[in-house]
Every structure is written in C-alpha cells, then in structure tokens.
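S.K.: Only the shape, not the letters, is given here:
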C-alpha cells in the first residue's frame, strides 16, 4: 500500500507541470514561430500557468510583444536599471544548457533533465560524478544551496543513466529507488538489496542520497526495508512547480504593483510616515492598525472623469516580512469613492492618510507599505520595523497609545474596521508621532492588557496611571506630570481594558514634546510604559488630515486567523500557527487555504496522527481540496492502517473535483485494501481513461 501511494504522490507532484506543458503545446501551435519558440523553448520553465494561459489568449503581435516586455520587466530586480540581470542570467543558463547537455548543433539541451534543472536553479555549488563504479549505473550528484525561499536551504539532485546510450535522468527516491541505480541482476526489483549494492560500491553518503535528497534528514541504511523520503519528492515537485509557487507569485505580485506605477515615481520616507497600534479582541487575538500618513497635501489624489465628476482611486499594499526578511503574507486594500465639489476642495488642502489592519502573531516584523495613486499611476513606498508584543505573562501592558479625532468612537459591531477596539471605531490622528495645533485638546485612547491574576468583573481592581510630558529640547517648559487611578474590574474575558485620557495643549508652546505613560497594577512591582512624540504646531498652521480605508475582507475572522497563522509560521512559532489555522477552519468559511497550510505544517513536523485526523473536517464534504492536500492526508491514514477512511475521504472529494487520475489511483488502492475489488477495478478504469 505504501509504495502504491508514494508512487501516486510523486505523479501528482509533477502532473500539474506536465498538464501546463501539454496545454501550452496544444494551443501554441497556432502562434507565429518566433512566439511559439519563446513560449515553448525559452521561458517554458519560468513562466507561470496563469501567464501562459494569458499569453495564449493574445490576438496580435503587438499584444504579444507588450506581454513579453512586461514579463521580463516584472522579474527585473533593479527596476531603475537599463540592464535586466534576471533576463541576462536566464539566457546565460539557457545557452549553457543547450551547449553542454544537448545534441551538438541542435540547441536542445533545454529538453534534458540536467538542462531543465540548470535553467531553473542555476549552476550547482558542487557536482560529483560516478561514471564507472562497480555494479552501478553512471550517476551525477548536484549539491545546491537553495535559490528560493520555496525550497529547502540545502538539497541534492541525483541524475543517472538508464543505459549508456541514454541521457541522464533525474532520480526520485520514490518513483525510481535504488533499483534504477544498480546494474546487476542480483538485486533486480529489490530496493533493499539494490541499496546495499549501492552502499557497498560507493559508500554510505551516496546510499543516503539515494534515500533522501535532503542533507541531514534522518536515514536508516540498516533498516530491514527500503524507506524512501517523501520530502525528496515534495522537493522535486516544488522545483517543477516553482513558477506557480505562492512565494514566487507573491514576489511577482509585488513587482506587478510596481509596474502599475508607469511613471516610476516612488517617494520614500521623506514624503510619508507610518504609525500603528496593536489592539486585542476579547479572545486575545491581536490586530495591528496602521496609519500611512502623507507629509504634504497632494491635490493629484483627486481625479476627474470625462463627465466632470471627481473621485479618488488608491491601492494600499502591505507586505509583511519577518525582521530577517522572510515573507509572511501580503494584503491589498482598494480605496475608491466619488467626491462632491466641497469634498474636493477639502481634499486639495488637507494631507492624506491611508488606514489598514493586519492580523498578526506576536513578533518583530518588517512592513513594506506601497500606496499607489491609480489616477496618476504614481506611488509612495515606505519600509518600517513594527513590533507586536507577546504579553501573556506581564501583569499589565499597553496596546500602544492612539490619538484620535473627536467625536469619540463610533460603533463597529464586528471590530473589522481599522483602529477599532471593544466594538468602537476611532478616527486616528497618529500613534508614535502625533501632530496637533497649539490650543487644541488631544484625546487619547488605549487598551490596558491585564495578565495572569486579573480579577473577575465583580471584584474591584485598581491600575495606577502616571502621565509625564515635556519638551524634548531642554530649554522648554519643565515636564508636566499627572496621576490617575482606573478601575480595571470591567475588563473583558481576555483581560483587555479600554480607557483614555485628554491632554490640554493650550499652555504648550509650539515644539516637539514627549509623552510617557506608565501603568502598574495595584500590588504589583512591575511597571509598563508607553510613549509617543507630540508635535505642537502654531495655531494658524494647517495640518489637517483626511483618511480613507478599504472595505473589510469578506472572509472575516477566518481570513484573519489564516493571516495570523502565516505570520506565526514565518516567525517559527509552529504551535501558534497550527492553532490559528485550526481556528480558521473551525470558523467554517469554506476557504481551503487554512487546510492547505495546516497540512503542509503537519507534514513538515511529521505529525502523522493529527494529519490523519483532518479527514474528519466537515469542509471536505462541500469544498474541493488541493489534490496534494488530499494525498498527504491519505498517506497519513494509510500509515495508521485506515484505508477505509481513505475511501470515504476520496469518494467524497472526487464528486466535487474535476477528474483526476492520481486521486483515482490512490482511491483504487484503498478500495482494494478494504476488500472492494469491483470498485477498485472501476476506479482504475476511470484513471486509465483519463491517461489515454
């Protein structure tokens, strides 16, 4: 059973790539030769399925030329340069592959397995060749340091010759196994004996590579049976589908957003600033709200249609990375609306600020924000460090301090809008840096996060707050201090208490001040601190701001928990990531992304029992799943000796999916294992019909 499943899993990993190639070949025959060659022989290993499909729908050479130009431009790591280093490197690899791995004079090296891997991955760090070892077919082992975050940090590729007259073939520990590598009849069709032959002839290191292409993965060469590494074939599948990998697509999406800025106007930190707060909900989940504030009024944000009506059309892109630069997720918020003449007059004078929310797990992040004005095709980009605190063990902590515009919070029952907390939405002025005219009152709002030992709502509990604000310049006024005691007994079930304060600036001279707020729970020694800079401007200075934000994600809490899971996994917190993915599934949105990410995480952690238990998730009864996700769960069920559950899962799913030969093959094996030979025969026939 295991070998059948493993072989079918290897097939499904490569099938997507093969189907894309077949689709392209069928539809590309009508292209002019120049474009057909570009699609099938030049970029066939680096173009995504969606790009290929789009290219084949184009009707004119002008459209195709424009597509090709954009194709290379969005892959250029230096958009301001006239030299496209990505394109140059690709064609160098293509030329090398054709020269070294193909037939002389035919430029067909790109068709070979070695040529394909060289074009996709570049030159290996090391190549070891075994051409005449005893009882072993000619082999090469290529060692790579990963060129992509989608692949393991280090890995090997093994190529072998089926016969002396054939070219080198890429090796799979599951689909091939050691029997393909040995040339003696003594071990024919016996994987374990073939592995022993390989080990005797070339040593443990080569034998280990035949079992697993991932250096450092545990391999027991002395085991009684041959146990191939599934992660190796997952690696080969990831390489084959690298153009469609979410990480690759995320990078290209970022560059496409860059391409929308046709005038290539990118203004940096001198034109914008960013401030943020982290509010917790009553289940303890954190959502960061940020304000991307333009430092100058920009009338060009307002566009005029042919009929004379006015509008704005903006896209706010948030790219969340860890502090080390590992991508977590990206989010786009579209902000567009019509404007009355009065609103146009106001917008032309005020500074603009865009708002967004980002569900995040605790950790330190690098946030790249790009605000694109789709009216003028220009953009402003800012990169900044943000920190989401983990406060479970602190007696008290701050959410951060938000300065807001009156009136006070307006109802937001779902807490889905930016700068919402306790079902109230506050219109932000700023957080880490706040600008206000002299004499204006400054209302502040913040959450106190009470840690372990928070009393019930029936018991009074006090928190001492201490405010200090004074000029950063030493020659300014002496610091002003005030104290306040708040009753914390009405905190919510997560220990959140919403409170606030108002600062009177009438006695402050124009300048920059620092506001420091400290909090201590009654009876606790540990004190929490929060601070922000207050910029007081002359009373006659116009610093007003208007803000906009996009609609709430229709996925609601399920999408928010998915994003928390992605950020936790990027931070290396697999426990929090798993919990977030499971919450997203329990919220029943019908979105398969949490399931796909949860399965990938459990596979990586080799948590077989939990992986097998996912077959009971109700989402499988109504939503088609990724075939790779289904096969991973099926393998876990088979390892636990439960082919009956495999049958139930796949019978349920094949009614929801397009016909899939690989799923039929695994279902047939499971039916056979449960004694239903007639159904197994029927399903195998269905698979065979698809392959014809």
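M.R.: Sure thing, it's come through. Nothing here was measured: the structure is a model prediction, and the numbers come from that model.
S.K.: beta partners of residue 421?
M.R.: Applying DSSP bridges to residue 421 gives these bridge partners: residue 424.
S.K.: That one: what's it in contact with?
M.R.: 279-281, 399, 415, 445, 447, 496, 498 (Cβ atoms under 8 Å, 6 or more residues apart in numbering). No exception for glycine: its C-beta is placed from N, CA and C like everyone else's.
S.K.: now, the most widely separated pair of those residues?
M.R.: Across these, no pair lies farther apart than 281 and 445, at 15.6 Å, counting by Cβ to Cβ.
S.K.: ok so, going back, which single one of the contacts of residue 421 is nearest to residue 553?
M.R.: Out of these, the member with the shortest distance to residue 553 (by Cβ to Cβ) is residue 415, at 12.7 Å.
S.K.: which residues in the stretch 51-200 of the chain form helices?
M.R.: Under the criterion DSSP state H, counting those that start in this stretch, helices of the stretch 51-200 of the chain are mapped to 61-73, 85-101, 113-121, 191-202.
S.K.: buried sites along the second one?
M.R.: The one in question is helix 85-101. By neighbour count on 16 or more other Cβ atoms under 10 Å, the buried set for helix 85-101 is 86, 90, 93-94, 96-98, 101.
S.K.: centre of the chain versus it, how much separation?
M.R.: Averaging C-alpha positions (Cα atoms, centre = their mean, to the nearest Å) puts helix 85-101 30 Å from its chain's average.
S.K.: What angle do helix 113-121 and that helix make with each other?
M.R.: Orientation check (axes from the mean of the first three to the mean of the last three Cα atoms, to 10 degrees): helix 85-101 against helix 113-121 gives 170 degrees.
S.K.: Report the angle between helix 85-101 and helix 61-73.
M.R.: Using the same axes, to 10 degrees: helix 85-101 against helix 61-73 is 90 degrees.
S.K.: packing partners for helix 85-101?
M.R.: Under the contact criterion of 3 or more Cβ pairs under 8 Å, 6 or more residues apart in numbering; DSSP states H and E, helix 85-101 touches helix 113-121.
S.K.: With the shortest one instead?
M.R.: Helices and strands touching helix 113-121, as assessed by 3+ Cβ pairs under 8 Å, 6+ apart, comprise helix 85-101, strand 139-145, strand 154-161, strand 168-170, helix 230-240.
S.K.: got a list of contacts for it?
M.R.: Against helix 113-121 from outside (Cβ under 8 Å, 6+ apart): 45-46, 90, 93-94, 96-98, 100-102, 109-110, 140, 142, 144, 147, 157, 159, 167-170, 239, 242.
S.K.: Same check on the second one?
M.R.: Counting by Cβ under 8 Å, 6+ apart, helix 85-101 makes contact with 42-43, 46, 72, 75-78, 107-110, 112, 114-116, 118-119, 122-123, 167, all of which sit outside it.
S.K.: pLDDT of it, averaged?
M.R.: Here helix 85-101 scores 93 as its mean pLDDT.
S.K.: and what of stretch 673-687?
M.R.: 93.
S.K.: buried residues in it?
M.R.: 673-674, 676, 679-680, 683-684, 686-687.
S.K.: Kindly report the same for stretch 650-665.
M.R.: 650, 653-654, 660-665.
S.K.: measure it end to end?
M.R.: End-to-end distance for stretch 650-665, by Cα to Cα, to the nearest Å: 10 Å.
S.K.: do stretch 538-552 as well
M.R.: 37 Å.
S.K.: Which residues does it contact?
M.R.: With Cβ under 8 Å, 6+ apart, stretch 538-552 has contacts from 291, 293, 312, 314, 316, 333-335, 337, 346-347, 349-356, 414, 416-418, 427-429, 435-439, 510, 537.
S.K.: how far does that stretch sit from the chain's center?
M.R.: With Cα atoms, centre = their mean, you get 32 Å for stretch 538-552.
S.K.: for stretch 680-687, same thing?
M.R.: 38 Å.
S.K.: contacts for that stretch?
M.R.: Here stretch 680-687 has contacts from 659, 661-662, 664-665, 667-669, 671-672, using Cβ under 8 Å, 6+ apart.
S.K.: Check whether residue 227 really touches residue 211, as I assumed.
M.R.: Yes - the criterion here is Cβ atoms under 8 Å, and residue 227 meets it with residue 211 at 7.2 Å.
S.K.: So these two - more neighbours on which side?
M.R.: Applying other Cβ atoms under 10 Å to residue 227 and residue 211 shows that residue 211 carries more neighbours, namely 24 against 17.
S.K.: Tell me the confidence at that one?
M.R.: The model's pLDDT for residue 211 equals 94.
S.K.: what does residue 258 give?
M.R.: 59.
S.K.: care to break this structure down by domain?
M.R.: Following the assignment in automatic domain parsing, the chain carries domains at 124-241, 260-549, 556-691.
S.K.: Select, out of the ones you listed, the one closest to residue 62.
M.R.: domain 260-549 (17.4 Å).
S.K.: what's the neighbour count on residue 251?
M.R.: Neighbour number of residue 251 under other Cβ under 10 Å is 19.
S.K.: helix or strand for it, which one?
M.R.: helix 246-259 (DSSP states H and E).
S.K.: Verify the stated contact: residue 51 with residue 68.
M.R.: No - applying Cβ under 8 Å as the test, residue 51 and residue 68 come out as separate, 10.5 Å apart.
S.K.: who's more crowded, these two?
M.R.: More neighbours surround residue 51 than the other of residue 51 and residue 68, with 19 against 16 (other Cβ under 10 Å).
S.K.: Against residue 548, how distant is the more buried one?
M.R.: 32 Å (Cβ to Cβ, to the nearest Å).
S.K.: Count the residues that sit near residue 240.
M.R.: Residue 240, neighbours per other Cβ under 10 Å, totals 21.
S.K.: meant to ask about residue 110
M.R.: Residue 110: 21 neighbours (other Cβ under 10 Å).
S.K.: which residue packs closest to it, ignoring adjacent ones?
M.R.: Nearest non-adjacent residue to residue 110, counting by Cβ to Cβ, 6 or more residues apart in numbering: residue 97, 5.2 Å away.
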